[in-house]
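**Student:** only geometry, no sequence info:
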């Protein structure tokens with residue numbers, strides 16, 4: 001024990017500063033994996049007249065007992081924390097108790113605990129808890145309750161799709177300008193002109209998504225309607241920066257496929273990026289199982305059929321760039337596999353976040369795991385960029 005730290009074995013009342021120091025000592029021991037010592041320190045604080053200290057100590061002791069495979073003792077500590085006077089950490093106790101009930105197979109008890117946690121949680125935590133409650137209600141055969149919970153989850157956690165609206169406004173604005181006689185100008189500036197790409201104008205792989213054939217208004221209308229439908233869902237799941245990155249990458253993937261496999265000297269349209277968003281949402285839903293609203297789930301359920309129909313039409317209707325569709329689709333599917341949506345997913349629903357001595361989110365172990373995952377995701381994105389670069393290096397189709 002370092003100089004100045006209170007002795008957890010010393011009986012008698014503790015000052016507030018001494019109690020806070022012991023809470024930190026218990027957390028430090030937990031970080032080091034010394035769970036027995038951590039439980040002992042936290043145990044010294046259980047029953048403290050300060051309810052905040054008492055509940056934080058119960059949460060810390062429960063975590064230590066759980067790590068020591070003493071599930072019954074951990075459960076009793078979580079229950080005691082929920083029955084203590086209300087504190088800023090009471091919602092964490094209810095959330096931890098809910099996860100324990102899930103592990104026991106008591107889904108009804110878990111749902112009750114999550115409802116208590118959601119009622120007490122701060123606003124920025126309610127969406128994740130509502131997601132868990134939505135999945136539990138679905139498992140319990142309560143579709144209406146599940147839909148309401150998912151609705152709260154997405155409504156609380158989904159900001160306005162600013163990037164989607166911006167892309168729509170920019171692309172439609174250029175499209176209107178094309179309809180008034182500026183089509184060739186915009187195509188010369190932004191279109192996928194193969195000779196220009198071969199000369200080093202690689203940005204055309206992305207800007208092609210902003211221009212359409214002014215003779216085919218339905219092309220623009222279909223792509224923008226599809227973006228209006230699927231864009232807000234994907235942006236809500238991944239956030240604005242990653243959504244914009246995915247749109248750019250899938251547009252480039254579609255353009256690279258068109259560049260290699262079609263003979264037309266010029267290509268236009270956002271179809272590659274649109275199919276990329278379809279592929280991303282389809283794979284993400286199958287692999288990561290994010291919580292979605294009813295309308296989003298209905299759309300996701302229809303994506304496979306929409307993709308199939310459009311690919312068939314692409315092979316049967318002349319002048320449709322199916323290579324761009326397939327390239328964008330594959331690029332989006334790869335990103336959907338790599339990138340985990342924000343908030344709770346079925347894979348992470350019952351994981352309890354690591355917290356510090358006062359019940360606040362901890363940083364060490366989660367940061368290490370996140371760092372490793374981020375490296376793998378970055379490697380996957382680099383691999384996609386490498387494929388696009390190789391495709392461009394191969395040269396245009398003849």
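**Tutor:** The structure has been received and is ready for your questions. What you are looking at is a predicted structure, and each value in this text was computed from that prediction instead of being measured.
**Student:** so where is the stretch 51-200 of the chain shaky, pLDDT-wise?
**Tutor:** 154-159 (pLDDT under 70).
**Student:** All the strands of it, residue numbers only.
**Tutor:** 192-193 (DSSP state E, counting those that start in this stretch).
**Student:** quick one: the helices in it?
**Tutor:** Ranges of helices within the stretch 51-200 of the chain are 51-67, 71-83, 90-104, 107-120, 123-139, 143-157, 162-177, 183-190, 194-198, based on DSSP state H, counting those that start in this stretch.
**Student:** Highest mean neighbour count out of those helices?
**Tutor:** helix 51-67 (a mean of 24; mean count of other Cβ atoms under 10 Å). (Each C-beta comes from the backbone N, C-alpha and C, glycine too.)
**Student:** now the angle from that helix to helix 71-83?
**Tutor:** 160 degrees (axes from the mean of the first three to the mean of the last three Cα atoms, to 10 degrees).
**Student:** Compare the helices of the stretch 51-200 of the chain and report which one is nearest to residue 241.
**Tutor:** Residue 241 lies closest, by Cβ to Cβ, to one member of the helices of the stretch 51-200 of the chain: helix 162-177, at 8.4 Å.
**Student:** gap between the closest one and the chain center?
**Tutor:** 25 Å (Cα atoms, centre = their mean, to the nearest Å).
**Student:** How is this structure partitioned into domains?
**Tutor:** The record's domain parsing of the chain by automatic domain parsing lists 18-157, 162-394.
**Student:** how far does the last one sit from the chain's center?
**Tutor:** Read it as domain 162-394. The answer for domain 162-394 is 16 Å, by Cα atoms, centre = their mean.
**Student:** now swap in the first one and tell me
**Tutor:** On the basis of Cα atoms, centre = their mean, the separation between the geometric centre of domain 18-157 and that of its chain is 23 Å.
**Student:** just checking, what packs against the host helix or strand of residue 311?
**Tutor:** Element membership for residue 311 (DSSP states H and E) is helix 294-316. Applying 3 or more Cβ pairs under 8 Å, 6 or more residues apart in numbering; DSSP states H and E, one finds that helix 294-316 contacts helix 143-157, helix 217-238, helix 271-287, helix 322-338.
**Student:** a markdown table for those, including distance to residue 256?
**Tutor:** What follows is the helices and strands packed on helix 294-316, written out as a markdown table (distance: least, Cβ to Cβ, whole Å):
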| stretch | distance to residue 256 |
| --- | --- |
| helix 143-157 | 33 |
| helix 217-238 | 19 |
| helix 271-287 | 9 |
| helix 322-338 | 6 |
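**Student:** least reliable of these going by mean pLDDT?
**Tutor:** Mean pLDDT per stretch puts helix 143-157 lowest among those, at a mean of 73.
**Student:** and the angle for that one with helix 107-120?
**Tutor:** 30 degrees.
**Student:** Also compute the angle for helix 143-157 relative to helix 217-238, please.
**Tutor:** 90 degrees.
**Student:** thinking again about what came up before, and the helices of the stretch 51-200 of the chain: which comes nearest residue 225?
**Tutor:** Across the helices of the stretch 51-200 of the chain, closest to residue 225 is helix 162-177 (Cβ to Cβ), at 9.8 Å.
**Student:** List the contacts of residue 246.
**Tutor:** 234, 238, 276-277, 280, 332, 335, 339 (Cβ atoms under 8 Å, 6 or more residues apart in numbering).
**Student:** Doesn't it belong to a helix?
**Tutor:** Yes: under DSSP: H, G, I helix; E, B strand; the rest coil, residue 246 sits within a helix.
**Student:** Next one: it relative to residue 160, how far apart?
**Tutor:** 18 Å (Cβ to Cβ, to the nearest Å).
**Student:** ok, back up a step: now distance to residue 25 too, for the helices of the stretch 51-200 of the chain, in CSV please.
**Tutor:** Below are the helices of the stretch 51-200 of the chain laid out as CSV (distance: least, Cβ to Cβ, whole Å):
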stretch, distance to residue 25
helix 51-67, 10
helix 71-83, 18
helix 90-104, 20
helix 107-120, 28
helix 123-139, 27
helix 143-157, 35
helix 162-177, 45
helix 183-190, 62
helix 194-198, 62
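**Student:** Quick one: closest of those helices to residue 271.
**Tutor:** helix 162-177 (11.9 Å).
**Student:** Identify the residues contacting the closest one?
**Tutor:** 186, 190, 209-212, 214, 220, 223-224, 227-228, 231-232, 235, 240, 243-244, 247, 270.
**Student:** mind running it again at 6 Å?
**Tutor:** 186, 210, 212, 220, 224, 231-232, 235, 240, 243-244 (Cβ atoms under 6 Å, 6 or more residues apart in numbering).
**Student:** Could you do stretch 386-398 as well?
**Tutor:** 194, 252-253, 256, 259-263.
**Student:** are any of these buried, and which?
**Tutor:** When those are checked for burial by 16 or more other Cβ atoms under 10 Å, the buried set is 194, 252-253, 256, 259-262.
**Student:** from those residues, which is closest to residue 34?
**Tutor:** Nearest member of the buried ones among the contacts of stretch 386-398 to residue 34, counting by Cβ to Cβ, is residue 253, at 49.3 Å.
**Student:** Which of the helices or strands spans the closest one?
**Tutor:** Here residue 253 is assigned to helix 240-261, by DSSP H and E.
**Student:** rewinding a little: got a list of contacts for the helix holding residue 311?
**Tutor:** Contacts for helix 294-316 (Cβ under 6 Å, 6+ apart): 147, 233, 278, 282, 285, 320, 322, 325.
**Student:** In JSON lines: the contacts of stretch 386-398, plus distance to residue 152.
**Tutor:** Below are the contacts of stretch 386-398 laid out as JSON lines (distance: Cβ to Cβ, whole Å):
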{"residue": "194", "distance to residue 152": "50"}
{"residue": "252", "distance to residue 152": "37"}
{"residue": "253", "distance to residue 152": "35"}
{"residue": "256", "distance to residue 152": "41"}
{"residue": "259", "distance to residue 152": "45"}
{"residue": "260", "distance to residue 152": "46"}
{"residue": "261", "distance to residue 152": "46"}
{"residue": "262", "distance to residue 152": "46"}
{"residue": "263", "distance to residue 152": "52"}
